[in-house]
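Participant: Sequence first, predicted model second:
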Amino acid sequence: MSRVGSEPISVPTGVEVTIKGPDLTVKGAKGTLKRTLPGGISARQADSVLFIERPDDSRESRSLHGLSRTLVSNMVTGVSEGFRKELQIRGVGYRATAKGTDAIDLALGYSHLVSIRAPEGIQFEVPVQTQIIVTGIDKQLVGQVAADIRKWRKPEPYKGKGIRYLGEHVARKAGKAAK
């Protein structure tokens, strides 16, 4: 039996789960998320606990069991608490400027500003010029948007300049040895 898949998901108060066949809808204070469960995986709700079940012990069912449980758990957490990724900007002249909650401008050493618009369901915060906070209810989308922002200027190993996740360690290299 899958250790992850067999764990029950506790549904907090204020979160409403609707199950219609393989379709699952989770509605909470922060929004609504929908997902179709893959190949035979089903969901069952008992009071404020949600169970994800598989039809048999085939290899495919076992692999989808834990994945489906984790995705549904992230949906419940997203609509009740939300997710956030924090990015740091390091480098002389590198900075971020907020344009409302749905767009930011980045000065990253290029001859132009890099403008990034947030997709539906994502918000940006820029508390300091060198910090960007990406928030939303969909964990996958929050992570993807943060990765796309980081891709504009990955941290380089010699001076450590670039955009990095909060707490990310960048392995530094020694420069050329002088004679």
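Facilitator: Structure received.

Participant: In this protein, mark out all the helices, start to finish.
Facilitator: Secondary structure of the chain (DSSP state H): helices at 59-80, 139-151.

Participant: Same list (these) but as JSON lines, adding distance to Lys27 and mean neighbour count.
Facilitator: (Each C-beta comes from the backbone N, C-alpha and C, glycine too.) Output for the helices of the chain, formatted as JSON lines (distance: least, CB to CB, whole Å; neighbours: other CB atoms under 10 Å):
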{"stretch": "helix 59-80", "distance to Lys27": "7", "mean neighbour count": "19"}
{"stretch": "helix 139-151", "distance to Lys27": "17", "mean neighbour count": "17"}
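
Participant: Mind putting the ones you listed into TSV with mean pLDDT?
Facilitator: Formatted as TSV, the helices of the chain follow (pLDDT from 0 to 100):
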stretch	mean pLDDT
helix 59-80	92
helix 139-151	96
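
Participant: out of the ones you listed, which comes closest to Glu125?
Facilitator: helix 139-151 (12.4 Å; CB to CB).

Participant: and the protein, what are its domains?
Facilitator: Following the assignment in automatic domain parsing, the chain carries domains at 9-80, 83-165.

Participant: Kindly check the end-to-end length of the longest one for me.
Facilitator: Translated: domain 83-165. 14 Å (CA to CA, to the nearest Å).

Participant: okay, Gln88: pLDDT?
Facilitator: At Gln88, the pLDDT value in this model is 96.

Participant: so what's it bridging to?
Facilitator: Gln131, Arg164 (DSSP bridges).

Participant: ok, it - how many residues close by?
Facilitator: 16 (other CB atoms under 10 Å).
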